[in-house]
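>>> here is my input, please return the structure:
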Amino acid sequence: MAMMVRMTMNPRTRSTNTTNNNKRPAVVLVGWLGCRPRHLRRYSQMYDSIGWGSLVRIGSPKSVIAAMTEGPCADSDSDDQSTTTTTTATTQSSEMKHLAIHTLRELHNNQTPYFIFHVFSNNGCFFWEWIRFLLFGQQHSSLLSDDDDDDDDESSIMIDLRNLRQKLVGVIFDSAPAYYDGDAKIVRSAFRYVVSPTKNNEQNNHPLEITNSLNANVVKQRFRDFWSGLCQDPSNIPQLYVYSQCDKLAPADQLEELIECREEILGEGNVWRHLFLDSEHCSHLLKYPNEYDGLVRQFLSFCMSQIGGMCDDYENDFPVRARL
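Alright, predicted model coming up:
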């Protein structure tokens, strides 16, 4: 099951006025495969010291497996389909979509003034892929129907998507995206970090075992679509890539090719990069806390300085409102 957590602020800085709390900008921290909320506490504390609130989102291992075979698809909204059609028939494959929708709802309900996404590895990128599609995709208005939700009709709300797009001011990619190209060995190596099976989680249902049944050709084609989507993303949101020379899951060479592609589309000024030499996958803050903190502060300052012109290009291209 996916995890949704609202990190509390440091008691010494927490206000008793919840209205004021909601007026703080927020970061959505999207954890890596096998991540737990406690692993992101250090990041939440860093943002709290900067004056930002935080939300935590972590997709389940099975939702990551599903995302390796199918992602958001504009073709899923054809004229002869119901507007509530999901991209797949399984709970796992629609989980990442629902997690993204819940996040947009919460940001809307909280009246968050501005927000960024801070995503880790491919779990974070699969989540960002859905956020990007829901906010900027040509067919997103119908896909936002979420009839599989537990909420009743009265709790469904109308989201001003233009307003949310204007509040999204940046994205940070930490050790992301990871490069696997449909290679079964790489996929399996990533899933070894997931908790081992227990009596309540039989061996053949464990995510590592499920990876054995993946169709290599399907996974390879899906990876190419996934990687191309990240490269060619037309949204003009400032991006920061934090990566390492010794990260085997997110090799620097492949990431730098992607970053160069992003620079061609967004311009070098809107694409930031920082290469660490010897920190492990998703461990840059742990090894270089001061340097990482300073980098994030600089990027946030840049993002906030760009408010006003980032989403103008989309004003007339997409429906203003959609039902979540």
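>>> where do the strands sit along the stretch 1-150 of the chain?
Here the stretch 1-150 of the chain has its strands, by DSSP state E, counting those that start in this stretch, at 3-7, 26-30, 53-58, 115-120.
>>> show me what the last one is packed against.
In this structure, strand 115-120 makes packing contacts with strand 26-30, helix 121-136, strand 168-174, judged by 3 or more Cβ pairs under 8 Å, 6 or more residues apart in numbering; DSSP states H and E. C-betas here are computed from N, CA, C, even on glycine.
>>> could you identify which of the strands of the stretch 1-150 of the chain has the lowest mean pLDDT?
In terms of mean pLDDT, the lowest-scoring of these is strand 3-7 (a mean of 58).
>>> neighbours of Ile307, just the number please.
13 (other Cβ atoms under 10 Å).
>>> quick one on the thing from earlier: rebuild the strands of the stretch 1-150 of the chain as TSV, extending it with distance to Asp233 and mean neighbour count.
Listed next are the strands of the stretch 1-150 of the chain as TSV, based on distance: least, Cβ to Cβ, whole Å; neighbours: other Cβ atoms under 10 Å:
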stretch	distance to Asp233	mean neighbour count
strand 3-7	25	16
strand 26-30	16	26
strand 53-58	19	24
strand 115-120	13	26
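>>> for the ones you listed, give me JSON lines that also has distance to Glu129.
Below are the strands of the stretch 1-150 of the chain laid out as JSON lines (distance: least, Cβ to Cβ, whole Å):
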{"stretch": "strand 3-7", "distance to Glu129": "18"}
{"stretch": "strand 26-30", "distance to Glu129": "11"}
{"stretch": "strand 53-58", "distance to Glu129": "13"}
{"stretch": "strand 115-120", "distance to Glu129": "10"}
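>>> so where's the stretch 151-300 of the chain uncertain?
Along the stretch 151-300 of the chain, the parts satisfying pLDDT under 70 run over 151-159, 182-213.
>>> what ranges does it have for its strands?
Using DSSP E, counting those that start in this stretch, strands in the stretch 151-300 of the chain cover 158-160, 168-174, 239-244, 271-276.
>>> buried ones in the helix ranked longest in the chain?
Looking across the chain with DSSP state H, the single longest helix is helix 91-109. Residues 92-108 are the ones in helix 91-109 that count as buried (16 or more other Cβ atoms under 10 Å).
>>> go on, stretch 290-300?
Neighbour-count burial for stretch 290-300, counted by 16+ other Cβ under 10 Å, picks out Tyr292, Leu295, Val296, Phe299, Leu300.
>>> next: stretch 232-248.
Quick answer for stretch 232-248 (16+ other Cβ under 10 Å): Asp233, Ser235, Asn236, Ile237, Pro238, Gln239, Leu240, Tyr241, Val242, Tyr243, Ser244, Asp247.
>>> now do the helices in the protein.
For the chain, the helices defined by DSSP H cover 18-22, 41-50, 61-67, 91-109, 121-136, 140-143, 161-167, 184-191, 207-210, 216-232, 252-266, 284-287, 289-305.
>>> out of those helices, deepest packed?
Of those, the one with the most neighbours on average (mean count of other Cβ atoms under 10 Å) is helix 121-136, at a mean of 25.
>>> what average pLDDT does that helix get?
For helix 121-136, mean pLDDT is 94.
>>> so which elements touch it?
Identification of packing neighbours for helix 121-136 by 3+ Cβ pairs under 8 Å, 6+ apart yields strand 26-30, helix 61-67, helix 91-109, strand 115-120, helix 140-143, helix 161-167, strand 168-174, helix 216-232.
>>> can you name the residues bridging to the nearest residue to Gly31 once chain neighbours are set aside?
Computed as Cβ to Cβ, 6 or more residues apart in numbering, the closest residue to Gly31 that is not its neighbour in sequence is Ile58, at 4.1 Å. When bridges are called by DSSP bridges, Ile58 pairs up with Met3.
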